[in-house]
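Undergrad: sequence unknown, structure follows:
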Ligand SMILES: [Fe+2]
């Protein structure tokens, strides 16, 4: 066995930790570009804390999943401002934009030199500006991943900048910031975390360090998610979902993902559906297809035993089979009211094209067993 493990340089976690933002940032300099999302007022407290610590700020708004152009112009604005650091305050899209902007501030060549799939995938030449992640949602894990997902609208795909350089210097995770997440956002981001934990645990690159985080995270998330939807102000449920999201990000950065995210990449490139909702719609059908493929042509693949572990954790039954786990997840996702792909306005005439693009997606490489184009199309049909 051989594995590597890397994550953010520092993780500061807990209710109330937001108060430490200014103190943590000021060691990097006096000028910060702050990336904010659709609700920029959510970043006001961070702006105040930075000011109290004599850090001057300029804000860049990212109101949707960032495009390549968004981060190129954001990096140019940060350079013009003379920023010495990047602070991202928002959801997964803001985290990804902050990551990309921190790297493109110092690496000024064409972004396509560094982009995977649609670009040359070259490594960054210079260390990025230090960046701090302040997530205001739980679930994506983007505060501790080393890839920035970017939309390339003209190609209809979402692809990543990916580098160990993209890890945050500080991930400041204050679950109190997630207390006002709406139920639909709580559901979609929670299902993203659960998908990421299950995919990292059953991945062909699974490793024992991530296994421990996935085991704890899956058990926590499937109990806390319905609780947070029922009682959005439950701090305990929010803490648990913030932990599960954090662990899902650490796990996916080190163990990879699978067909749920492999399919979600081209869907996200072509449609404006919430990433977590798409993952939720795909999760049980992907589990069912992987389990059936493993049974027919991968009986000695350790992933089958891993799906049985997942089944035991989610059902609470010691004799649960892999199929029981997939059935439980199907019922769980339905009970949360997560939309199917048809309700997300994804049309079934493009399934062949989506399946073909998914086969090229970086996440697909870690799926526990290679699925055929027909099987991927069947997964889409079963999620529709
Ligand atoms: Fe995800």
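TA: In hand now; what should we look at? What you see is a predicted model; the values in this text were computed from it and never measured.

Undergrad: Just checking: what are the partner strands of the lowest-mean-pLDDT helix or strand in the chain?
TA: The least trusted helix or strand in the chain, going by mean pLDDT, DSSP states H and E, turns out to be strand 157-162, with a mean of 89. According to DSSP bridges, strand 157-162 forms sheet pairs with strand 147-152 (antiparallel).

Undergrad: Tell me where the stretch 51-200 of the chain has strands.
TA: Applying DSSP state E, counting those that start in this stretch to the stretch 51-200 of the chain gives strands spanning 56-61, 85-90, 131-135, 147-152, 157-162, 170-173.

Undergrad: what sits up against the fifth one?
TA: Where contact means CB atoms under 8 Å, 6 or more residues apart in numbering, the residues beyond strand 157-162 that reach it are 65, 99-100, 103, 111, 114-119, 146-152, 265-266, 268-270, 357, 362. C-beta coordinates here come from the backbone N, C-alpha and C atoms, glycine included.

Undergrad: what do you get if the cut-off is 7 Å, keeping everything else the same?
TA: Identification of contacts with strand 157-162 by CB atoms under 7 Å, 6 or more residues apart in numbering yields 100, 103, 114-118, 146-152, 265-266, 268-269, 357, 362.

Undergrad: for the last one, same thing?
TA: Residues from elsewhere that reach strand 170-173, judged by CB under 7 Å, 6+ apart: 8-13, 17-18, 20-21, 24, 132-135, 143-144, 242, 246.

Undergrad: which of those count as buried?
TA: Listed as buried from the contacts of strand 170-173 are 8, 11-12, 17-18, 21, 24, 132-135, 143-144, 242, 246; burial here means 16 or more other CB atoms under 10 Å.

Undergrad: circling back: turn the strands of the stretch 51-200 of the chain into JSON lines, including distance to residue 283.
TA: JSON lines is the format used below for the strands of the stretch 51-200 of the chain (distance: least, CB to CB, whole Å):
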{"stretch": "strand 56-61", "distance to residue 283": "32"}
{"stretch": "strand 85-90", "distance to residue 283": "25"}
{"stretch": "strand 131-135", "distance to residue 283": "22"}
{"stretch": "strand 147-152", "distance to residue 283": "18"}
{"stretch": "strand 157-162", "distance to residue 283": "18"}
{"stretch": "strand 170-173", "distance to residue 283": "24"}
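
Undergrad: which stretches of the stretch 51-200 of the chain form helices?
TA: Per DSSP state H, counting those that start in this stretch, the stretch 51-200 of the chain carries helices over the ranges 68-81, 92-106, 183-202.

Undergrad: how about those helices, which one is nearest residue 1?
TA: Closest to residue 1 of these is helix 183-202 (CB to CB; 15.9 Å).

Undergrad: Please spell out which residues along the closest one are buried.
TA: Neighbour counts over helix 183-202 (16+ other CB under 10 Å) mark 184-202 as buried.

Undergrad: Let me know whether my guess that residue 32 is in a helix holds.
TA: No. According to DSSP: H, G, I helix; E, B strand; the rest coil, the state of residue 32 is strand, so it is not within a helix.

Undergrad: need the contact list for it.
TA: Per CB under 7 Å, 6+ apart, neighbours of residue 32: 25, 50, 55, 57, 83, 85, 87.

Undergrad: Mind doing that once more with 10 Å?
TA: 22, 25-26, 46-47, 50, 53, 55-59, 78, 81, 83-87, 129-132 (CB atoms under 10 Å, 6 or more residues apart in numbering).

Undergrad: One more: residue 122?
TA: 107, 109, 112, 113, 114, 115, 116, 163.

Undergrad: Among those residues, name the buried ones.
TA: Buried, going by 16+ other CB under 10 Å: 107, 114, 115, 116, 163, out of the contacts of residue 122.

Undergrad: hang on, the earlier thing: tell me the one of the buried ones among the contacts of strand 170-173 nearest residue 69?
TA: Taking the buried ones among the contacts of strand 170-173 together and measuring to residue 69 by CB to CB, the closest member is residue 133, at 22.5 Å.

Undergrad: what about the helix or strand where residue 306 lies, average pLDDT?
TA: Per DSSP states H and E, residue 306 falls inside helix 303-315. The average pLDDT within helix 303-315 is 98.

Undergrad: Skip ahead from that helix and say which helix or strand is next.
TA: Downstream of helix 303-315 (by DSSP H and E), the next one is helix 322-335.

Undergrad: which secondary structure elements does the next helix or strand after that next one contact?
TA: Sequence order places helix 351-360 as the next helix or strand after helix 322-335, per DSSP H and E. The helices and strands touching helix 351-360, judged by 3 or more CB pairs under 10 Å, 6 or more residues apart in numbering; DSSP states H and E, are strand 157-162, helix 259-270, helix 373-382.

Undergrad: How far off centre is the second one?
TA: The one in question is helix 259-270. Relative to its parent chain, helix 259-270 has a centroid offset of 12 Å by CA atoms, centre = their mean, to the nearest Å.

Undergrad: got it, and the last one?
TA: Helix 373-382 sits 23 Å away from the centroid of its parent chain (CA atoms, centre = their mean).

Undergrad: Just the buried residues of stretch 34-54, please?
TA: Across stretch 34-54, burial judged by 16+ other CB under 10 Å covers 34-37, 40, 42-43, 45-47, 49-50, 53.
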